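Novice: Following is a predicted model, sequence given first.
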Amino acid sequence: MSRWATAWGAVDQVRDGRGAPAAFQRLAARARSRAWLIALLGATVLVALPAWGQSAPAAGPTMTIALPGADNPAALSTGLKILALLTVLTLAPAILVMVTSFTRIVIVLSFFRQALGTQSMPPNQVVIGLALFLSAFVMMPTWNQIQTDAITPYLAQQIDQPEAFSRALAPLRHFMLKQTREKDLALFVSFAQDHKPATVNDVPTSALIPAFVISELRTAFEIGFLIYIPFLILDMVVASVLLSMGMMMLPPVLISLPFKLLLFVLVDGWYLLVGSLVKSF
(Lines give C-alpha, C1' and ligand atoms only; values in the text may rest on other atoms or scores of the structure.)
Protein backbone atom coordinates (compact mmCIF):
# COMPACT_ATOMS: atom_id res chain seq x y z
CA MET A 1 0.00 0.00 0.00
CA SER A 2 2.93 2.39 0.73
CA ARG A 3 4.33 1.90 -2.78
CA TRP A 4 0.99 2.71 -4.38
CA ALA A 5 0.57 5.72 -2.09
CA THR A 6 4.02 6.99 -3.04
CA ALA A 7 3.31 6.51 -6.73
CA TRP A 8 -0.08 8.23 -6.56
CA GLY A 9 1.50 11.01 -4.50
CA ALA A 10 4.10 11.55 -7.22
CA VAL A 11 1.32 11.67 -9.79
CA ASP A 12 -0.60 14.23 -7.72
CA GLN A 13 2.50 16.32 -7.45
CA VAL A 14 2.99 16.22 -11.22
CA ARG A 15 -0.70 17.08 -11.75
CA ASP A 16 -0.50 20.02 -9.37
CA GLY A 17 2.77 21.14 -10.89
CA ARG A 18 4.71 20.60 -7.63
CA GLY A 19 7.94 18.57 -7.42
CA ALA A 20 7.66 17.11 -10.93
CA PRO A 21 11.40 16.59 -11.53
CA ALA A 22 12.02 14.93 -8.17
CA ALA A 23 9.02 12.59 -8.48
CA PHE A 24 9.98 11.43 -11.97
CA GLN A 25 13.58 10.93 -10.92
CA ARG A 26 12.55 8.65 -8.06
CA LEU A 27 10.25 6.61 -10.38
CA ALA A 28 12.97 6.33 -13.04
CA ALA A 29 15.52 5.19 -10.46
CA ARG A 30 13.21 2.47 -9.20
CA ALA A 31 12.44 1.30 -12.76
CA ARG A 32 16.15 1.13 -13.62
CA SER A 33 16.93 -0.90 -10.47
CA ARG A 34 14.15 -3.40 -11.26
CA ALA A 35 15.30 -3.72 -14.88
CA TRP A 36 18.87 -4.45 -13.75
CA LEU A 37 17.60 -7.06 -11.30
CA ILE A 38 15.53 -8.83 -14.01
CA ALA A 39 18.48 -8.74 -16.44
CA LEU A 40 20.78 -10.23 -13.80
CA LEU A 41 18.35 -13.07 -13.07
CA GLY A 42 17.95 -13.82 -16.82
CA ALA A 43 21.71 -13.95 -17.33
CA THR A 44 22.08 -16.33 -14.41
CA VAL A 45 19.46 -18.69 -15.85
CA LEU A 46 21.03 -18.63 -19.32
CA VAL A 47 24.46 -19.45 -17.91
CA ALA A 48 23.13 -22.29 -15.74
CA LEU A 49 21.00 -24.02 -18.42
CA PRO A 50 23.85 -25.43 -20.59
CA ALA A 51 25.68 -26.80 -17.55
CA TRP A 52 22.48 -28.42 -16.24
CA GLY A 53 21.70 -29.90 -19.68
CA GLN A 54 25.19 -31.43 -19.90
CA SER A 55 25.19 -32.90 -16.42
CA ALA A 56 21.59 -34.28 -16.45
CA PRO A 57 22.17 -37.32 -18.73
CA ALA A 58 25.18 -38.39 -16.71
CA ALA A 59 23.10 -38.44 -13.52
CA GLY A 60 20.31 -40.65 -14.99
CA PRO A 61 20.38 -44.46 -15.40
CA THR A 62 21.50 -45.97 -18.70
CA MET A 63 20.43 -49.20 -20.45
CA THR A 64 22.41 -51.17 -22.98
CA ILE A 65 21.01 -53.94 -25.23
CA ALA A 66 23.54 -56.43 -26.50
CA LEU A 67 23.63 -60.00 -27.79
CA PRO A 68 25.99 -62.13 -25.71
CA GLY A 69 28.42 -64.06 -27.83
CA ALA A 70 27.87 -61.94 -30.92
CA ASP A 71 31.47 -62.63 -31.92
CA ASN A 72 30.78 -66.38 -31.77
CA PRO A 73 28.40 -67.48 -34.58
CA ALA A 74 27.58 -70.78 -32.88
CA ALA A 75 26.53 -69.12 -29.62
CA LEU A 76 24.52 -66.50 -31.50
CA SER A 77 22.74 -69.21 -33.51
CA THR A 78 21.80 -71.02 -30.29
CA GLY A 79 20.38 -67.81 -28.83
CA LEU A 80 18.29 -67.16 -31.92
CA LYS A 81 16.98 -70.74 -31.82
CA ILE A 82 15.89 -70.26 -28.22
CA LEU A 83 14.15 -67.01 -29.16
CA ALA A 84 12.35 -68.73 -32.04
CA LEU A 85 11.33 -71.59 -29.74
CA LEU A 86 9.84 -69.18 -27.20
CA THR A 87 7.92 -67.46 -29.99
CA VAL A 88 6.50 -70.78 -31.19
CA LEU A 89 5.52 -71.72 -27.64
CA THR A 90 3.36 -68.61 -27.38
CA LEU A 91 1.48 -69.69 -30.52
CA ALA A 92 1.40 -73.39 -29.59
CA PRO A 93 -2.17 -73.40 -28.17
CA ALA A 94 -3.62 -71.88 -31.34
CA ILE A 95 -1.56 -74.21 -33.52
CA LEU A 96 -2.62 -77.32 -31.59
CA VAL A 97 -6.27 -76.26 -31.67
CA MET A 98 -6.27 -75.79 -35.45
CA VAL A 99 -4.48 -79.05 -36.36
CA THR A 100 -6.49 -81.33 -34.08
CA SER A 101 -10.11 -82.43 -33.75
CA PHE A 102 -10.95 -79.55 -31.40
CA THR A 103 -12.45 -77.33 -34.12
CA ARG A 104 -15.11 -79.83 -35.18
CA ILE A 105 -16.02 -80.86 -31.65
CA VAL A 106 -16.44 -77.38 -30.18
CA ILE A 107 -18.52 -76.16 -33.14
CA VAL A 108 -20.86 -79.15 -32.95
CA LEU A 109 -21.33 -78.68 -29.20
CA SER A 110 -22.11 -75.00 -29.77
CA PHE A 111 -24.69 -75.89 -32.44
CA PHE A 112 -26.26 -78.39 -30.07
CA ARG A 113 -26.63 -75.79 -27.31
CA GLN A 114 -28.31 -73.34 -29.69
CA ALA A 115 -30.63 -76.02 -31.09
CA LEU A 116 -31.66 -77.06 -27.59
CA GLY A 117 -32.62 -73.47 -26.80
CA THR A 118 -30.66 -73.12 -23.56
CA GLN A 119 -28.77 -69.89 -24.00
CA SER A 120 -25.93 -70.54 -21.56
CA MET A 121 -26.42 -74.13 -20.47
CA PRO A 122 -24.04 -75.89 -20.53
CA PRO A 123 -21.73 -72.92 -19.80
CA ASN A 124 -18.86 -72.02 -22.13
CA GLN A 125 -16.32 -73.43 -19.68
CA VAL A 126 -18.03 -76.81 -19.72
CA VAL A 127 -18.34 -76.85 -23.51
CA ILE A 128 -14.68 -75.94 -24.07
CA GLY A 129 -13.49 -78.34 -21.36
CA LEU A 130 -15.47 -81.22 -22.84
CA ALA A 131 -14.16 -80.36 -26.31
CA LEU A 132 -10.57 -80.37 -25.01
CA PHE A 133 -10.88 -83.76 -23.33
CA LEU A 134 -12.64 -85.29 -26.33
CA SER A 135 -9.92 -83.88 -28.58
CA ALA A 136 -7.23 -85.39 -26.36
CA PHE A 137 -9.03 -88.75 -26.50
CA VAL A 138 -9.38 -88.64 -30.29
CA MET A 139 -5.78 -87.54 -30.82
CA MET A 140 -4.28 -90.01 -28.32
CA PRO A 141 -3.13 -92.55 -30.98
CA THR A 142 -1.43 -89.75 -32.89
CA TRP A 143 0.29 -88.43 -29.74
CA ASN A 144 1.46 -91.94 -28.82
CA GLN A 145 2.99 -92.38 -32.25
CA ILE A 146 4.74 -89.00 -32.01
CA GLN A 147 6.06 -89.96 -28.58
CA THR A 148 7.40 -93.29 -29.84
CA ASP A 149 8.83 -92.18 -33.19
CA ALA A 150 10.15 -88.69 -32.40
CA ILE A 151 10.30 -87.57 -28.77
CA THR A 152 11.76 -90.70 -27.17
CA PRO A 153 14.61 -91.15 -29.73
CA TYR A 154 15.39 -87.42 -29.56
CA LEU A 155 15.63 -87.43 -25.77
CA ALA A 156 17.86 -90.50 -26.01
CA GLN A 157 20.08 -88.51 -28.45
CA GLN A 158 19.56 -91.10 -31.18
CA ILE A 159 18.34 -88.54 -33.73
CA ASP A 160 18.95 -84.84 -34.21
CA GLN A 161 16.42 -82.02 -33.97
CA PRO A 162 15.41 -81.76 -37.68
CA GLU A 163 14.87 -85.51 -37.87
CA ALA A 164 12.76 -85.46 -34.70
CA PHE A 165 10.62 -82.65 -36.11
CA SER A 166 10.11 -84.54 -39.37
CA ARG A 167 9.09 -87.71 -37.54
CA ALA A 168 6.71 -85.81 -35.26
CA LEU A 169 5.04 -84.09 -38.20
CA ALA A 170 4.36 -87.32 -40.12
CA PRO A 171 1.59 -88.74 -37.82
CA LEU A 172 -0.06 -85.33 -37.59
CA ARG A 173 -0.08 -84.98 -41.37
CA HIS A 174 -1.57 -88.47 -41.68
CA PHE A 175 -4.42 -87.50 -39.33
CA MET A 176 -5.13 -84.25 -41.20
CA LEU A 177 -5.03 -85.93 -44.61
CA LYS A 178 -7.67 -88.45 -43.49
CA GLN A 179 -10.07 -85.64 -42.54
CA THR A 180 -9.36 -83.28 -45.47
CA ARG A 181 -11.41 -83.26 -48.65
CA GLU A 182 -9.51 -83.50 -51.91
CA LYS A 183 -11.34 -80.44 -53.23
CA ASP A 184 -10.13 -78.26 -50.35
CA LEU A 185 -6.62 -79.65 -50.61
CA ALA A 186 -6.48 -78.97 -54.35
CA LEU A 187 -7.65 -75.39 -53.73
CA PHE A 188 -4.73 -74.49 -51.46
CA VAL A 189 -2.22 -76.43 -53.54
CA SER A 190 -3.23 -74.30 -56.52
CA PHE A 191 -2.83 -71.16 -54.40
CA ALA A 192 0.69 -72.23 -53.45
CA GLN A 193 1.71 -72.10 -57.15
CA ASP A 194 4.24 -74.87 -56.67
CA HIS A 195 4.73 -77.90 -58.86
CA LYS A 196 1.88 -80.39 -58.72
CA PRO A 197 2.61 -82.97 -55.99
CA ALA A 198 2.88 -86.54 -57.21
CA THR A 199 1.32 -88.01 -54.02
CA VAL A 200 -0.47 -86.67 -50.98
CA ASN A 201 2.74 -87.05 -49.02
CA ASP A 202 4.30 -84.38 -51.25
CA VAL A 203 1.63 -81.80 -50.34
CA PRO A 204 3.27 -78.95 -48.36
CA THR A 205 2.18 -78.57 -44.77
CA SER A 206 1.45 -74.88 -45.35
CA ALA A 207 -1.31 -75.92 -47.78
CA LEU A 208 -2.49 -78.92 -45.78
CA ILE A 209 -3.33 -77.05 -42.54
CA PRO A 210 -5.80 -74.47 -43.99
CA ALA A 211 -7.39 -77.16 -46.16
CA PHE A 212 -7.86 -79.31 -43.06
CA VAL A 213 -9.42 -76.38 -41.14
CA ILE A 214 -12.05 -75.55 -43.78
CA SER A 215 -12.85 -79.26 -44.18
CA GLU A 216 -13.43 -79.48 -40.44
CA LEU A 217 -15.67 -76.43 -40.56
CA ARG A 218 -17.77 -77.96 -43.35
CA THR A 219 -18.12 -81.27 -41.50
CA ALA A 220 -19.04 -79.49 -38.25
CA PHE A 221 -21.76 -77.46 -40.00
CA GLU A 222 -23.19 -80.61 -41.59
CA ILE A 223 -23.40 -82.34 -38.20
CA GLY A 224 -24.89 -79.19 -36.67
CA PHE A 225 -27.61 -79.15 -39.33
CA LEU A 226 -28.53 -82.74 -38.56
CA ILE A 227 -28.70 -81.92 -34.85
CA TYR A 228 -31.03 -78.98 -35.53
CA ILE A 229 -33.65 -81.01 -37.43
CA PRO A 230 -35.40 -82.87 -34.54
CA PHE A 231 -35.46 -79.81 -32.31
CA LEU A 232 -36.76 -77.67 -35.19
CA ILE A 233 -39.58 -80.13 -35.84
CA LEU A 234 -40.52 -80.05 -32.17
CA ASP A 235 -40.59 -76.23 -32.23
CA MET A 236 -42.87 -76.27 -35.29
CA VAL A 237 -45.26 -78.76 -33.67
CA VAL A 238 -45.50 -76.73 -30.48
CA ALA A 239 -46.00 -73.49 -32.46
CA SER A 240 -48.80 -75.10 -34.51
CA VAL A 241 -50.56 -76.38 -31.38
CA LEU A 242 -50.38 -73.00 -29.69
CA LEU A 243 -51.66 -71.27 -32.82
CA SER A 244 -54.60 -73.67 -33.11
CA MET A 245 -55.46 -73.03 -29.46
CA GLY A 246 -55.41 -69.27 -30.03
CA MET A 247 -52.39 -68.70 -27.77
CA MET A 248 -50.59 -66.49 -30.23
CA MET A 249 -49.02 -64.29 -27.56
CA LEU A 250 -47.33 -67.23 -25.80
CA PRO A 251 -43.74 -67.79 -27.05
CA PRO A 252 -43.41 -71.32 -28.54
CA VAL A 253 -39.80 -71.58 -27.34
CA LEU A 254 -40.94 -71.25 -23.72
CA ILE A 255 -43.26 -74.25 -24.11
CA SER A 256 -41.02 -76.39 -26.32
CA LEU A 257 -37.93 -76.17 -24.09
CA PRO A 258 -39.17 -78.70 -21.47
CA PHE A 259 -40.18 -81.10 -24.25
CA LYS A 260 -36.75 -80.74 -25.87
CA LEU A 261 -35.03 -81.54 -22.60
CA LEU A 262 -37.34 -84.50 -22.02
CA LEU A 263 -36.73 -85.84 -25.53
CA PHE A 264 -32.96 -85.42 -25.21
CA VAL A 265 -32.86 -87.25 -21.88
CA LEU A 266 -35.15 -90.08 -23.04
CA VAL A 267 -33.02 -90.89 -26.10
CA ASP A 268 -29.78 -90.60 -24.05
CA GLY A 269 -28.66 -87.66 -26.12
CA TRP A 270 -25.20 -87.16 -24.64
CA TYR A 271 -24.31 -90.77 -25.38
CA LEU A 272 -25.46 -90.43 -28.98
CA LEU A 273 -23.88 -87.02 -29.52
CA VAL A 274 -20.46 -87.79 -28.08
CA GLY A 275 -20.39 -91.26 -29.62
CA SER A 276 -21.21 -89.87 -33.07
CA LEU A 277 -18.57 -87.17 -32.73
CA VAL A 278 -15.81 -89.60 -31.79
CA LYS A 279 -16.82 -92.06 -34.51
CA SER A 280 -16.76 -89.31 -37.11
CA PHE A 281 -12.96 -89.32 -36.90
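Specialist: Okay, I see it.
Novice: Work out for me the element Leu89 sits within.
Specialist: Element membership for Leu89, per DSSP states H and E: helix 73-98.
Novice: On the C-terminal side of that helix, identify the next helix or strand.
Specialist: Sequence order places helix 102-116 as the next helix or strand after helix 73-98, per DSSP H and E.
Novice: And the helices in this structure?
Specialist: Using DSSP state H, the helices found in the chain span residues 2-16, 20-59, 73-98, 102-116, 124-146, 152-155, 161-179, 182-192, 205-244, 252-266, 269-279.
Novice: my read: Leu257 touches Thr118, true?
Specialist: Yes: using CB atoms under 8 Å, Leu257 is in contact with Thr118, at 7.4 Å. Using the backbone N, CA and C atoms, a C-beta is placed for each residue, glycine as well.
Novice: More neighbours: these two, which one.
Specialist: For Leu257 versus Thr118, the count of surrounding residues by other CB atoms under 10 Å is larger for Leu257: 18 against 13.
Novice: Now do the contacts for that one.
Specialist: Leu257 is in contact with Leu116, Gly117, Thr118, counting by CB atoms under 8 Å, 6 or more residues apart in numbering.
Novice: Equivalent analysis for Val200, please.
Specialist: Going by CB under 8 Å, 6+ apart, Val200 touches Leu177, Leu185.
Novice: And the pLDDT at it?
Specialist: Predicted confidence (pLDDT) for Val200: 74.
Novice: go on, Pro210?
Specialist: pLDDT at Pro210 comes out at 87.
Novice: Same check on Leu96?
Specialist: For Leu96, the model assigns a pLDDT of 76.
Novice: Tally up the residues packed near it, please.
Specialist: For Leu96, the count of nearby residues is 13 (other CB under 10 Å).
Novice: need the contact list for it.
Specialist: With CB under 8 Å, 6+ apart as the criterion, the residues that contact Leu96 are Phe102.
Novice: can you check Leu273 too?
Specialist: Each residue near Leu273 by CB under 8 Å, 6+ apart is listed here: Val108, Phe112, Ile227.
Novice: Am I right that the second one is in contact with Leu226?
Specialist: No: Phe112 lies out of contact with Leu226 (CB under 8 Å); the separation is 10.5 Å.
Novice: More neighbours: which of these two?
Specialist: Set Phe112 next to Leu226 and count neighbours by other CB under 10 Å: Phe112 wins out with 22 against 13.
Novice: What does the pLDDT read for that one?
Specialist: Among the per-residue scores, Phe112 holds a pLDDT of 87.
Novice: what do you get for Ala75?
Specialist: Ala75 carries a pLDDT value of 53.
Novice: Now do the same for Ser215: its pLDDT.
Specialist: Confidence at Ser215, expressed as pLDDT, is 91.
Novice: Can you name the residues that contact it?
Specialist: Contact analysis of Ser215 by CB under 8 Å, 6+ apart lists Gln179, Thr180, Arg181, Asp184.
Novice: any low-confidence regions in the protein?
Specialist: Scanning the chain for pLDDT under 70 picks out 1-81, 85, 88, 193-194.
Novice: Go again with 80.
Specialist: Residue ranges of the chain with pLDDT under 80: 1-96, 117-121, 154, 161, 191-202, 242-257.
Novice: ok so, going back, ok, so of the contacts of Leu257, who is nearest Pro210?
Specialist: Proximity of those to Pro210 (CB to CB) peaks at Leu116, which lies at 31.5 Å.
Novice: My guess is that closest one contacts Leu261. True?
Specialist: Yes: judged on CB under 8 Å, Leu116 makes contact with Leu261 at a distance of 7.4 Å.
Novice: Give me the more crowded residue out of these two.
Specialist: Neighbour tally, Leu116 and Leu261, criterion other CB under 10 Å: the higher count belongs to Leu116, 19 against 15.
Novice: ok, now how distant is the more buried one from Ser135?
Specialist: Distance of Leu116 to Ser135, given as CB to CB, to the nearest Å: 22 Å.
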